[in-house]
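Student: Okay, sequence plus prediction incoming.
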Amino acid sequence: MLALSLRGLTKTYQNGTQALKGIDLDVEEGDFFALLGPNGAGKTTSIGIVTSLVNKTAGSVKVFGIDADRDLEAAKSCIGLVPQEFNFNMFESPQTIVTNQAGFYGIPLALARERAEKYLRKLQLWDKRKAMARSLSGGMKRRLMIARALVHEPRLLILDEPTAGVDIEIRRSMWEFLREINEAGTTIILTTHYLEEAESLCRNVAIIDKGRIAMHDCMQDVLRRLHSETFVLNLREPLSGAVPVLPVASAELVDPSTLEVELTQQQDLNAVFTALTAANVHVISMRNKVNRLEELFMRLVTQEGTAGSAA
Amino acid sequence: MNLGKSRASRTFIGFLTILRREYGRIIRIWGQTLVPPAMTATLYFIIFGGLIGQRVGAFDGIPYMEFIAPGLIMQAVITTSYGNVVSSFFGAKFGKHIEELMVSPLPPSIILLGYLGGGLIRGFLVGGLVTIVTLLFTHLHVDHPLLVVASVVLTSVTFSLGGFINAVFAKTFDQINWFPTFVLTPLTYFGGVFYSISVLPGWAQHLSHANPVLYMVNTFRYGFYSHSDVPVGTAFALMLATVAGLFALAYVLLKRGTGIRD
């Protein structure tokens, strides 16, 4: 079953900006789905339409088969949203915010309080339950929005930049938590600027650019589309002479101890290491030059930009 | 989310949640929401009722202090009902937490009723406080208790709706103060709170009939003393029609997302 199905979704703002130009998108139930794109590509507008924060110009939205035009309330009851900007009352406590949100979804007060406790504990906010929301740190505020979005236990959770401004330790713990709830059956749609996050968490991905879907595929297939990959090799001894001849697309000495090699899909690292060993060059560590998804993303967006300017 | 409850029951819980949140807000900032109207009423009773009122004498056979009491209660109900909804809804827009309600499955009619309920709660709380203050200065006898309650409800709902519509269109805090300062206050002062329109010249009496507050204050006063400057049946019908018209307008604005949805 499809958790979300968008057809011909179009949005033109009153100032004439066409944010979405007919988007078709399907997200399977149980998926962990990444919706990526540069700033202003249309990600937040799409999410806004799905969650009824933005009026669409044309097109249709179905959530678990429920047409939002026919039964908006039923469609909305399936969704939990973690928006990009803080949108809770800064003068209320986390406990009140989460309990009230449960009430807005029709959860009786006693159960709402239980659920609020459950999710505030899971998001490590229980100790701060009575603090005024504005006194929370940025990371705590983000976690509060996740607890609030989960309190009615939605089948589809949409997270718009949930880890923006969150330190790495908390970000990792949030990833673990999101993996857990996805494994428990919640479909998750994630937008993020941390492409490492999308690559690590998501099984399927769509890249949106200038109001259109530029790519929509499973993460592995998307990454396979990379024709080449660049690796940074750290050498034990500085290289004094020229770079040895290597079976790679290109090789460049960044500094005497750092060698960058670009490999196509037909080339392999074993041959590179054999050639380096033969030349008495020893590699002590290696890493990707950039995150693979980031590389693909940049190529796609650059191509689109070039095609756009050529047109 | 399957709680085994009917949609109507879930919607009702949502409505109660808005009411609880609004009540919590009123109580949390009681120094801003409840105390000032009681303080203002006290000053009015001391100055207009006590010091000046003694020289005014009776109005249509009713001692001046008693004459102005219903008007002062109604004035407090009007300003606080309006002020509660305009500040609560605009605050939610400004702080973006209106989105908590917009993403929820609550229909626009229930969201609107929830905000009106908040205005009504504050109207009744403040009306009750001002009544207590009134009883410190004069006595009140009630001829038609149901009419007293009904006119407070209709007036409070009318001005809660007014506050809601103001908040929908407002883009700045200045714009939520403009209407109360330049429209609501003059209407209230010229609405027969402090005088009977029978003391006005003919043209001013005619003009006063265009003021909706006149009908509300007089219906309320009729509930106490069976005295009114306007026919109570007509006044009541006008109040009902005003509530229906404003509710329809507010509902359409909220459903369209005017001022809150791009």
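Tutor: Okay, I see it. Residues are numbered from 1 along each chain as shown, chains lettered A, B, ... in the order given.
Student: can we go C-alpha only for contacts and neighbour counts from here?
Tutor: OK.
Student: need the contact list for the closest residue to chain B within the stretch 201-311 of chain A.
Tutor: Residue nearest to chain B within the stretch 201-311 of chain A: residue A:211 (16.4 Å; Cα to the nearest Cα). When contacts are counted by Cα atoms under 8 Å, 6 or more residues apart in numbering or on different chains, residue A:211 touches A:18-23, A:41-42.
Student: SS state for the closest residue to chain A within the stretch 101-250 of chain B?
Tutor: Proximity of the stretch 101-250 of chain B to chain A (Cα to the nearest Cα) peaks at residue B:105, 4.3 Å away. Put simply, residue B:105 is coil when judged by DSSP: H, G, I helix; E, B strand; the rest coil.
Student: these two touch, right, it and residue A:104?
Tutor: Yes: with contact defined as Cα atoms under 8 Å, residue B:105 and residue A:104 form a contacting pair (7.4 Å).
Student: which of these two has more neighbours?
Tutor: Between residue B:105 and residue A:104, counted using other Cα atoms under 10 Å in any protein chain shown, residue A:104 has the larger neighbour count: 28 against 23.
Student: How much space separates the residue nearest to the more buried one when sequence neighbours are not counted from residue B:107?
Tutor: Here the nearest residue to residue A:104 in space, its sequence neighbours aside, is residue B:14; by Cα to Cα, 6 or more residues apart in numbering or on different chains that works out to 4.2 Å. According to Cα to Cα, to the nearest Å, residue B:14 and residue B:107 sit 10 Å apart.
Student: helix/strand/coil for the residue in chain B positioned nearest to chain A?
Tutor: With Cα to the nearest Cα, the shortest gap between chain B and chain A falls at residue B:10, namely 3.8 Å. With three-state DSSP as the basis, residue B:10 sits in helix.
Student: What's the local residue count around it?
Tutor: 21.
Student: How about the contacts made by it?
Tutor: A:105-107.
Student: one more time with 10 Å
Tutor: With contacts defined as Cα atoms under 10 Å, 6 or more residues apart in numbering or on different chains, the neighbours of residue B:10 are A:103-108, B:3-4, B:16, B:105-106.
Student: Mind picking the lowest-pLDDT entry from these?
Tutor: Across the contacts of residue B:10, the smallest pLDDT goes to residue B:3, namely 52.
Student: mind checking which helix or strand the residue lying closest to residue A:152 once chain neighbours are set aside is in?
Tutor: Spatial nearest neighbour of residue A:152, chain neighbours left out: residue A:102 (5.6 Å); criterion: Cα to Cα, 6+ apart. Per DSSP states H and E, residue A:102 falls inside helix A:94-104.
Student: Name the next helix or strand downstream of that helix, please.
Tutor: helix A:109-122.
Student: if we can go back for a sec, list just the nearest of the contacts of residue A:211 to chain B.
Tutor: Closest to chain B, out of all of the contacts of residue A:211 and judged by Cα to the nearest Cα, is residue A:19, at 11.7 Å.
Student: Quick one, grab the pLDDT at the closest one.
Tutor: For residue A:19, pLDDT reads 94.
Student: ok, now residue A:251?
Tutor: pLDDT, the model's per-residue confidence, is 88 for residue A:251.
Student: Give the buried residues for whichever strand or helix holds it.
Tutor: Using DSSP H and E, residue A:251 maps to strand A:250-255. For strand A:250-255, a neighbour-count test (16 or more other Cα atoms under 10 Å in any protein chain shown) marks residue A:251 as buried.
Student: strand partners of it, parallel vs antiparallel please.
Tutor: strand A:258-264 (antiparallel) (DSSP bridges).
Student: tell me how far the partner strand is from the chain's mean position?
Tutor: Offset of strand A:258-264 from its chain centre (Cα atoms, centre = their mean, to the nearest Å): 28 Å.
Student: tell me the mean pLDDT over it?
Tutor: Mean pLDDT, computed over strand A:258-264, is 89.
Student: So which residues make contact with the helix or strand where residue A:276 lies?
Tutor: Secondary structure assignment for residue A:276, by DSSP H and E: helix A:269-278. The contact list for helix A:269-278 (Cα under 10 Å, 6+ apart) reads A:231, A:243-248, A:261, A:263, A:279-283.
Student: Quick check: pLDDT value at residue B:252.
Tutor: Residue B:252 is assigned 97 on the pLDDT scale.
Student: which SS class is it?
Tutor: Under three-state DSSP, residue B:252 falls in the helix class.
Student: near chain A, which residues of the stretch 51-200 of chain B show up?
Tutor: For the stretch 51-200 of chain B, the residues in contact with chain A (Cα under 10 Å from any Cα of the partner chain) are B:91-107, B:111.
Student: Quick one: buried ones out of the residues you listed?
Tutor: Among these, the ones that count as buried by 16+ other Cα under 10 Å are B:91-94, B:96-107, B:111.
Student: Can you flag which of the residues you listed belong to helices?
Tutor: Counting by DSSP state H, the part of those found in helices is B:91-94, B:98-102, B:111.
Student: hmm, which two among these are most spread apart?
Tutor: Within these, two members stand farthest from each other by Cα to Cα: B:94 and B:111, at 17.0 Å.
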